[in-house]
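**Q** Here is my input, please return the structure:
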Amino acid sequence: MMEISWVFIALGEWLIALAFLTKKFNHPKRKLPPGPRPWPIIGNLNLLGSLPHESLHHLSQKYGDLMLLKFGSKPVLIASSPEMAKEVLKTHDAIFASRPALAAGKYTSFNYSDITWAPYGAYWRHARKIYLTEVFNPKSLDSLEYIRIEERRILSDKYFSDHYDQSNSDASINFITGGTDTSAATIEWGFQELLRIPNIIEKAHQELDRAIGKERWVEEKDFSQLPYIDAIIKETFRLHPLCALLPPHYSTEDCTVAGYDIPKGTAAYINVWSIGRNSKYWDRPGVHSRKVVRTTMANLLHGFNWKLAGNLEDISMEEIYGLTTHPKRPISMIMEPRFPLHLY
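**A** Just a heads-up that it's a prediction; the model follows:
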């Protein structure tokens, strides 16, 4: 009986060894991107924290611009440089054209029915064609300027309604005329940065007074004469992108990205926040440049002198992470009109 038991043990060991060798030769070891070792069950979720874009940026300093992590049991690719973003979004765009089925897409886009979250297929291609030919062509964009103006009226009402009665709010919203639909979050970040370096506001006033004068507001057509204002806007977007992590893409088949093997079913995130602070491209990546969102920001600068109500130390650059990234603590500012009163 003892001999029979040893035979079964030996046979079991032989079968295990055979299975291991078969798997090894049939599935050669992949060259995966670098990344932290995942924990069982949770993967690398313990490394994300409350500001995942910042946590991933710090990880990229150690593991490189292309990292592979695990969110639970799911592989996740993180691109943190323009080159790696191009690999995912352009070089291998057909493979990464689809989106993973996440709760964000289900509950914010009518069960994955908009172009942002829809899976790649005939529906997505048709929707994309409509966007390109009917919505985002120059003629359509020009015809929709009145909608952008109304959006800015709504935005200005948001700013004034918390501090003024309705009559003052109605009288004041006219100062934002012409331009693009810059979000409230970007405006907030822009002034948080500008008030830390007041001479930028002074230089912006000089350019606006020279190019526009003090008898009218800024319009879309004026921006070819406002390179400094344009630089302020771009610098604000660099430091504080509205979407710090782009909605993830999803690999529909095995592929090779930058020499690394990427398995099918890998989610791919582009860390826009990290790209804007990559030391390879910016001398002082975390500092607002002296040459630092379009018309709304320009008119706020053009029509008012801006002062900080408190101390410089009251300005906090801490963030709240969500669908868009907002300042954690708002600041109080004093606005002084620069124009004749009839323009307000």
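
**Q** Am I right that R30 is in contact with D261?
**A** Yes. Using C-beta atoms under 8 Å, R30 makes contact with D261 at a distance of 4.0 Å. All C-beta spots, glycine's among them, are computed from the backbone N, C-alpha and C.

**Q** Between the two, which is the more surrounded one?
**A** D261 (15 against 11; other C-beta atoms under 10 Å).

**Q** got the contact list for that one?
**A** By C-beta atoms under 8 Å, 6 or more residues apart in numbering, the contact list for D261 reads 30-32, 254.

**Q** how does the protein divide into domains?
**A** 32-134+244-276, 143-164+178-240+282-343 (the TED database).

**Q** would TSV of the contacts of D261 with secondary structure, pLDDT and distance to K62 be doable?
**A** As requested, the contacts of D261 are exported to TSV (DSSP: H, G, I helix; E, B strand; the rest coil; pLDDT from 0 to 100; distance: C-beta to C-beta, whole Å):
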residue	secondary structure	pLDDT	distance to K62
R30	coil	83	21
K31	coil	91	19
L32	coil	95	16
D254	coil	95	26
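
**Q** who wins for most neighbours among the residues you listed?
**A** Using other C-beta under 10 Å as the neighbour criterion, L32 leads the contacts of D261 with 15 neighbours.

**Q** And the strands in the stretch 151-300 of the chain, which stretches?
**A** Using DSSP state E, counting those that start in this stretch, the strands found in the stretch 151-300 of the chain span residues 249-250, 255-257, 260-262, 267-270.

**Q** quick check, distance from the last one to the centre of its chain.
**A** In other words, strand 267-270. Computed by C-alpha atoms, centre = their mean, to the nearest Å, the chain-centroid distance of strand 267-270 equals 12 Å.

**Q** Please apply the same query to stretch 69-89.
**A** Taking mean C-alpha positions (C-alpha atoms, centre = their mean), stretch 69-89 and its chain are 14 Å apart.

**Q** buried set for that stretch?
**A** Neighbour counts over stretch 69-89 (16 or more other C-beta atoms under 10 Å) mark 69-71, 75-81, 84-85, 87-89 as buried.

**Q** Stretch 223-240 too?
**A** So for stretch 223-240, counting by 16+ other C-beta under 10 Å, buried means 223, 226, 228-233, 235-240.

**Q** most centrally placed residue in the protein?
**A** What sits nearest the mean C-alpha location of the chain, by C-alpha atoms, centre = their mean, is C243, with 2.5 Å.

**Q** So that one versus G276, what's the distance?
**A** According to C-beta to C-beta, to the nearest Å, C243 and G276 sit 12 Å apart.

**Q** And the domains of the chain, which one averages the lowest pLDDT?
**A** Among the domains of the chain, domain 143-164+178-240+282-343 carries the lowest mean pLDDT, at a mean of 73.

**Q** Assign L69 to helix, strand or coil.
**A** The three-state assignment at L69 reads strand, by DSSP: H, G, I helix; E, B strand; the rest coil.

**Q** Out of the strands of the stretch 151-300 of the chain, which is closest to S109?
**A** Closest approach to S109 among the strands of the stretch 151-300 of the chain (C-beta to C-beta): strand 249-250, 15.1 Å.

**Q** Please tell me I have it right and the residue nearest to the centre of the chain contacts V272.
**A** Yes. Using C-beta under 8 Å, C243 is in contact with V272, at 6.5 Å.

**Q** And what about L77, helix, strand or coil?
**A** Classification of L77 using three-state DSSP returns strand.

**Q** Contact partners for Y269?
**A** The neighbours of Y269, taking C-beta under 8 Å, 6+ apart as the test, are 56, 76-79, 245-246, 248.

**Q** cool, Y131 as well?
**A** Going by C-beta under 8 Å, 6+ apart, the list of residues near Y131 reads I115.

**Q** The stretch 1-150 of the chain: strands as residue ranges?
**A** Under DSSP E, counting those that start in this stretch, the stretch 1-150 of the chain gives strands at 66-71, 74-79.

**Q** between the strands of the stretch 151-300 of the chain, which gets nearest to E193?
**A** Closest among those, using C-beta to C-beta: strand 267-270, at 23.1 Å.

**Q** Please save the CA atoms from the closest one in PDB.
**A** Output of strand 267-270 as PDB, limited to C-alpha atoms (Å, rounded to 0.1, in the frame of the first residue of the first chain):
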ATOM      1  CA  ALA A 267      -7.200  49.700 -19.600                       C
ATOM      2  CA  ALA A 268      -5.100  52.700 -20.700                       C
ATOM      3  CA  TYR A 269      -5.100  56.000 -18.900                       C
ATOM      4  CA  ILE A 270      -3.400  59.200 -20.100                       C
END
